[in-house]
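Following is a predicted model, sequence given first.
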Amino acid sequence: MEEYPTPVRIILLLKKNDYMSLEELASSLGITKMAVLNHITVLEQNGSVGRKTVKKNVGRPSYVFYATEKADRNLGSISETMLDDFMNYMKKTGREKIIEAFLKDRYSKVKSEYTADLAGKDFDAKVRKLALLREESGYYPELKKSQENYEMVEYNCPILAISKHFGIACSMETGMFENVLDADVKSTHRQVNGYGACRFLISRKNVDHD
């Protein structure tokens with residue numbers, strides 16, 4: 001367990017022990033309470049960890065933490081290495097069309113879900129809702145507004161192993177954003193190209209990008 005990243009170790013400890021205090025986590029991990037709290041804050045924001053108030057007879061109430069159902073999805077069910085090997089195998093055996101068909105079907109379903117969730121909203125509300133939907137899917141987005149335009153930066157790509165081999169996934173994603181937002185979307189950075197995050201510039205149609 002010690003070889004795992006600290007956020008993963010926290011989730012595994014909470015899944016194993018149900019509820020743990022900040023002090024208990026710090027002791028088990030061998031790090032300071034402040035360091036644990038920093039990780040807990042991020043895990044709470046992405047929905048992996050929740051907290052429960054524990055009342056004391058004397059003094060201020062304290063908190064214990066627990067792993068949520070979303071923690072399993074954030075931990076992942078297949079390793080990046082295994083997925084990368086699978087993509088290599090599909091390409092080596094000439095089965096690229098199968099992956100491309102899968103991606104088209106996947107984005108068609110996601111587009112339908114997003115369209116339903118964004119229905120009836122104005123431009124600003126659509127963009128904010130899209131960012132929330134992406135957060136729920138584990139992309140860890142950050143949304144910023146500059147005048148009438150938006151910048152959405154996604155710090156995680158759950159399908160990076162696929163995108164590395166099939167760049168069509170990236171173009172499909174950008175096209176999907178344009179469709180569900182009815183907006184102009186420009187992709188300026190992609191993790192598949194070596195950047196630390198994927199960056200999208202979003203603006204109303206017929207409005208120039210900066």
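Thanks, I have the structure now. Residues are numbered from 1 along each chain as shown.

Show me where the chain has its strands.
Along the chain, the stretches classed as strands by DSSP state E are 20-21, 49-54, 62-67, 141-146, 149-154, 183-189, 198-204.

between those strands, which one is nearest to Ile162?
Proximity to Ile162 (Cβ to Cβ) singles out strand 198-204 among these, at 13.7 Å. Where you see a C-beta, it was placed from the backbone N, CA and C, and this is true even at glycine.

tell me what the closest one is packed against?
strand 149-154, helix 168-181, strand 183-189 (3 or more Cβ pairs under 8 Å, 6 or more residues apart in numbering; DSSP states H and E).

can you do 7 Å?
strand 149-154, strand 183-189 (3 or more Cβ pairs under 7 Å, 6 or more residues apart in numbering; DSSP states H and E).

picking that back up, please identify which of the strands of the chain is closest to Ala161.
strand 198-204 (14.5 Å).

Format the CA atom coordinates belonging to that closest one as CSV.
Extracted in CSV, the C-alpha atoms of strand 198-204 (Å, rounded to 0.1, in the frame of the first residue of the first chain):
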residue,chain,number,x,y,z
CYS,A,198,-6.5,19.8,-21.7
ARG,A,199,-7.6,23.4,-22.4
PHE,A,200,-10.7,24.6,-24.2
LEU,A,201,-11.7,28.1,-25.2
ILE,A,202,-15.5,28.4,-25.3
SER,A,203,-17.3,31.4,-26.8
ARG,A,204,-20.7,32.2,-28.2
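
got the angle between it and strand 183-189?
Angle, strand 198-204 to strand 183-189, by axes from the mean of the first three to the mean of the last three Cα atoms, to 10 degrees: 160 degrees.
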